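Visitor: using only what follows, build the 3D model:
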Amino acid sequence: MPLERKKVGEVFHFYTKIGVAAIRVTDDGIAIGDTVQIQGPSTNLEQPVEALQIEHAVVSRAGPGQEVGMKVRDRVREKDFVYKLIPTEGPVRPPMAKATAKPPAKKAKAPAKKARAKKAPRKKAPVRRKASRAPRSKARRASRRSRSRSR
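Guide: Below is the predicted model of the structure:
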């Protein structure tokens, strides 16, 4: 079924930690249950509207001129456009006639595969440890001790 896109607004901020897009509604309203598409140069996200908030208050719809917060599944960017997807009624096609359909042809059986001999499991390579650093010289250790005492 073809879908028509209708511009709703534009993203003016994205809150990364909570995954919320702040949308400025400009052209058409948006409501819970609508399917929206957020599109930009590096963004293409399509999802249903599950929750809308205005000033931390849950609302069911928002009209032009309002700024709403909407939880999104993926990262969106400022200046991305928000479109509402509306299903359009296309021409109705007549159902396919079943009288012309042929029954599926039977497939020939494939020859049986030969059983392979199982290989012995490989032994794991021994774990190598990193080479430890050379111990510090006594003179260097002493100079460090004296430095910390003098402070």
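Visitor: contacts and neighbour counts: CA atoms only from here.
Guide: Will do.
Visitor: quick one: average confidence on the longest strand anywhere in the chain?
Guide: Longest strand in the chain, counting residues (DSSP state E): strand 3-15. Across strand 3-15, the average pLDDT comes to 92.
Visitor: neighbouring contacts of the helix or strand that that strand is followed by?
Guide: Heading C-terminal from strand 3-15, the first helix or strand you meet, by DSSP states H and E, is strand 20-25. Here strand 20-25 makes contact (CA atoms under 8 Å, 6 or more residues apart in numbering) with 8-15, 62-72, 76, 82.
Visitor: show me where pLDDT drops low in this protein?
Guide: In the prediction, the chain carries residues with pLDDT under 70 at positions 1, 90-117, 129-151.
Visitor: and the helices in the chain?
Guide: Ranges of helices in the chain, per DSSP state H, are 138-150.
Visitor: now the strands for it?
Guide: Listed in chain order, the strands of the chain (DSSP E) span 3-15, 20-25, 30-31, 35-39, 44-48, 52-54, 57-59, 61-62, 67-71, 81-87.
Visitor: and those: which comes nearest residue 123?
Guide: Closest approach to residue 123 among the strands of the chain is made by strand 44-48 (47.5 Å; CA to CA).
Visitor: got the CA positions of that closest one in PDB?
Guide: What follows is strand 44-48, C-alpha atoms only, in PDB (Å, rounded to 0.1, in the frame of the first residue of the first chain):
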ATOM      1  CA  ASN A  44      16.400   8.100   7.800                       C
ATOM      2  CA  LEU A  45      14.200   6.800  10.600                       C
ATOM      3  CA  GLU A  46      10.700   5.500  10.400                       C
ATOM      4  CA  GLN A  47       8.700   4.700  13.500                       C
ATOM      5  CA  PRO A  48       5.300   5.000  15.200                       C
END
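Visitor: and the angle for that strand with strand 81-87?
Guide: Interaxial angle of strand 44-48 relative to strand 81-87 (axes from the mean of the first three to the mean of the last three CA atoms, to 10 degrees): 50 degrees.
Visitor: what does strand 44-48 rub up against?
Guide: Residues outside strand 44-48 that contact it (CA under 8 Å, 6+ apart): 32, 33, 34, 35, 36, 37, 38, 39, 72, 73, 74.
Visitor: now residue 87, nearest residue through space, not along the chain?
Guide: Spatial nearest neighbour of residue 87, chain neighbours left out: residue 3 (4.4 Å); criterion: CA to CA, 6 or more residues apart in numbering.
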